[in-house]
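Chemist: fold the following for me, if possible:
(2 chains)
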Amino acid sequence: MAGLQSDIISTVEFNHSGELLATGDKGGRVVIFQQEQENKIQSHSRGEYNVYSTFQSHEPEFDYLKSLEIEEKINKIRWLPQKNAAQFLLSTNDKTIKLWKISERDKRPEGYNLKEEDGRYRDPTTVTTLRVPVFRPMDLMVEASPRRIFANAHTYHINSISINSDYETYLSADDLRINLWHLEITDRSFNIVDIKPANMEELTEVITAAEFHPNSCNTFVYSSSKGTIRLCDMRASALCDRHSKLFEEPEDPSNRSFFSEIISSISDVKFSHSGRYMMTRDYLSVKIWDLNMENRPVETYQVHEYLRSKLCSLYENDCIFDKFECCWNGSDSVVMTGSYNNFFRMFDRNTKRDITLEASRENNKPRTVLKPRKVCASGKRKKDEISVDSLDFNKKILHTAWHPKENIIAVATTNNLYIFQDKVN
Amino acid sequence: MECALDAQSLISISLRKIHSSRTQRGGIKLHKNLLVSYVLRNARQLYLSERYAELYRRQQQQQQQQQQQPPHHQHQHLAYAAPGMPASAADFGPLQLGGGGDAEAREPPARHQLHQLHQLHQLHLQQQLHQHQHPAPRGWAAPPAAASPPSSPTPSSSPGFYRGAYPAPSDFGVHCSSQTTVLDLDTHVVTTVENGYLHQDCCASAHCPCCGQGAPGPGLAPAAGCKRKYYPGQEEDDDDEEDAGELGAEPPGGAPFAPCKRARFEDFCPDASPDASNISNLISIFGSGFSGLVSRQPDSSEQPPPLNGQLCAKQALASLGAWTRAIVAF
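Modeler: I've put the predicted structure just below:
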């Protein structure tokens, strides 16, 4: 199990093979972990994840024209599929997206004629013989270099980036607009969605997340603060303001409260690997939608329904604005999302069973099996249950990721990253 | 839902959040402020419905006290009321939770309450207009030339309903001693509000004595339009400035409640003297970078009190009649 003390983790993402795990933090840093190659002798566990590379992706900036400071916090990281020896990922803060190349160097040339080993130049007159420089092994060095900078295309705060299945283009979404980029071209992008009203006083909703379909390169979805998801087809028109499908569940009037609008705002949307379903996360629940059915989700899972009576306090302490993410496992049979008190929840779609687990140092030593947790909503608290009032709302798990092929999960608490795997017998 | 906070506290908390978001690192978060404005709107709706309920209770007391009133006045009132209004005020149950019908299935119950309560308010308003005798005002707005005839009010869409519910021209003696200018953010209309009653209510006709046969007051636009249009472009509306209006798609129930709040104006700001040059609404308050909130202090205080949610809420509530959306200025 790997733990890391750093700034607040703001995003977690496995690459396509699962060998690499990238985290971004509030300080603009990216840390990449690499899974050890499986030890054939110790077959009872998969390789552990160790730090592979650390680099500063974004720095704080100041927009002098608007007197605005631009946070360096990494909002999202998305990996490109590997094409050669190097790895590529996109990282974004509120305003700028960067394409990073991560490459290994494990040998270096030695035996230059005109340079000493330490790099100083030799006086040419002292050269009496010539030799051919050769590569000699060296300690592995992982270098990250920015290859593209995609800037100045977003007025509002970027909340999502998503790479197209064509692996040539990607989208970036802010509160009101979605832009389409080509990975090679940094000086222009196409605006494909614009929901900014002519009169800003008429603003009623913002874009909260967007993602390309995993298989159809012309299809993407975006979610809104009103709890709707729109599916758009880029073949239909250049500007996809008109959706092809609108996914929306009617509000239950008996649940109406001051905070209905806040808790219905969607914080994350993720397609299943198959592309047949998509999952949305709002404040209290996770919903699975069938792309063929727009009027309601096919499955709804309550993450922490016991918070519904606490919305007032959660509004006061700003927790109601927390944006939880969600993720699928590799086979789309289990979904996972975070909660408070360092709890995270998994829902098995087939068995309809769910489990609550806790990510904390005190309770877990490496190699111990996580004990299921239970929150007691009201009434008598059983032994080992935790009452709602003793939940720590400062300990929140917003970001989780699931290995694309194996049952290995990465769970980010505020400052720490936990990696869990299921027992291999 | 249990909530330890009442609507007023929620409004203060929300305003505090909007205020502090201006100084947060990374710039103002459009999404969060939009959500906060929804809470503001919901709290305001509940607050208004509570005020209307109180108004109704007072009106009931008044009715009991004035049993000797000539019956024909009451009948006149009812004639002005919108169709669908209960035959007598006693039939009207306060705080009836609307929600019947599919059309309202998605509408907050408060909105329906407010609709009904506004009808009740019109009744109350008309009764009060009959009772008061005040000197002519210093300045006022001439009645809108395009006001629909009050004898056929329509409750279908509330702005239309609002205009249609003007009392018919009759023996109104009107009031209007202090005035405030307010901005309706739905229609961008600047109107003058006096002592709880919009001029549009009482000066619906040329016969209104305080309007002086319908002639426009000094300094106002000619009779063709007494309302001054407010153009959003006059404010900073730069795309890059991230201007954002909040609470868009305001339910139609928003606009008509302006006069009712004004009736309670003196309850909230007993110290603040209404100043005709102040626009008491959130857009101006926020537009002046929150200094507007600090500057609107009672003259007696030596130092401006610390800017806190309580003060914001008081003034916001005082100007509830004016704004239909909370504007978060970017």
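Chemist: tell me where chain A has helices.
Modeler: Ranges of helices within chain A are A:260-264, A:311-316, based on DSSP state H.
Chemist: so A:Val303 sits against A:Arg345, correct?
Modeler: Yes - in terms of CB atoms under 8 Å, A:Val303 counts as a neighbour of A:Arg345; the distance is 5.6 Å. (C-beta placed from N, C-alpha, C; glycine too.)
Chemist: okay, and the common contacts of those two?
Modeler: Taking CB atoms under 8 Å, 6 or more residues apart in numbering or on different chains as the contact rule, A:Val303 and A:Arg345 both touch A:Thr337, A:Ser339.
Chemist: what pLDDT does A:Gly111 get?
Modeler: You'll see A:Gly111 listed with a pLDDT of 89.
Chemist: same check, this time on the one 5 residues further on
Modeler: At A:Glu116, the predicted lDDT confidence score is 85.
Chemist: how about the contacts made by the closest residue to it other than its chain neighbours?
Modeler: Leaving aside its sequence neighbours, A:Glu116 sits nearest to A:Arg122 (CB to CB, 6 or more residues apart in numbering or on different chains; 6.0 Å). By CB under 8 Å, 6+ apart, the contact list for A:Arg122 reads A:Asn113, A:Leu114, A:Lys115, A:Glu116.
Chemist: between those residues, which sits nearest A:Thr129?
Modeler: For the contacts of A:Arg122, the minimum distance to A:Thr129 (CB to CB) is 8.5 Å, reached by A:Asn113.
Chemist: turn the helices of chain A into JSON lines, columns for mean neighbour count.
Modeler: Converted to JSON lines, those look like this (neighbours: other CB atoms under 10 Å in any protein chain shown):
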{"stretch": "helix A:260-264", "mean neighbour count": "21"}
{"stretch": "helix A:311-316", "mean neighbour count": "20"}
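Chemist: among the ones you listed, which comes closest to B:Leu48?
Modeler: Closest to B:Leu48 of these, according to CB to CB: helix A:260-264, at 17.8 Å.
Chemist: ranking helices and strands of chain B by mean pLDDT, which lands last?
Modeler: helix B:158-164 (a mean of 32; mean pLDDT, DSSP states H and E).
Chemist: could I get the helices of chain A as TSV with mean pLDDT and distance to A:Ser331?
Modeler: Putting the helices of chain A into TSV (pLDDT from 0 to 100; distance: least, CB to CB, whole Å) gives the following:
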stretch	mean pLDDT	distance to A:Ser331
helix A:260-264	95	29
helix A:311-316	95	34
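Chemist: out of those helices, which gets nearest to A:Thr351?
Modeler: For the helices of chain A, distance to A:Thr351 was read as CB to CB. The smallest value, 27.4 Å, belongs to helix A:260-264.
Chemist: taking chain A, what residue is nearest to chain B?
Modeler: Nearest residue of chain A to chain B: A:Glu201, at 2.5 Å (CB to the nearest CB).
Chemist: the biggest helix by length in chain B packs against which elements?
Modeler: Longest helix in chain B by number of residues (criterion: DSSP H): helix B:30-65. Judged by 3 or more CB pairs under 8 Å, 6 or more residues apart in numbering or on different chains; DSSP states H and E, helix B:30-65 is in contact with helix A:260-264, helix B:7-21, helix B:109-131, strand B:244-245, helix B:258-263, strand B:327-328.
Chemist: apply 6 Å and report the result again.
Modeler: helix B:7-21, helix B:109-131 (3 or more CB pairs under 6 Å, 6 or more residues apart in numbering or on different chains; DSSP states H and E).
Chemist: how far away is B:Gln60 from chain A?
Modeler: Remark: distance between B:Gln60 and chain A (CB to the nearest CB, to the nearest Å) = 28 Å.
Chemist: that residue and B:Ala53, how far apart?
Modeler: B:Gln60 sits 11 Å away from B:Ala53, taking CB to CB, to the nearest Å as the criterion.
Chemist: quick check: neighbours shared by these two?
Modeler: Contact criterion CB atoms under 6 Å, 6 or more residues apart in numbering or on different chains; residues shared by B:Gln60 and B:Ala53: none found.
Chemist: ok, and what's touching whichever strand in chain A runs longest?
Modeler: If you go by DSSP state E, chain A has its longest strand at strand A:134-150. Strand A:134-150 has contacts (CB under 6 Å, 6+ apart) with A:52-53, A:55, A:97-111, A:181, A:186.
Chemist: can you tell me which of those residues are buried?
Modeler: Buried members of the contacts of strand A:134-150, counted by 16 or more other CB atoms under 10 Å in any protein chain shown: A:Tyr52, A:Ser53, A:Phe55, A:Ile97, A:Lys98, A:Leu99, A:Trp100, A:Ile102, A:Trp181, A:Thr186.
Chemist: was I right about the first one contacting A:Gln34?
Modeler: Yes - under the criterion of CB atoms under 6 Å, A:Tyr52 is in contact with A:Gln34, at a separation of 3.7 Å.
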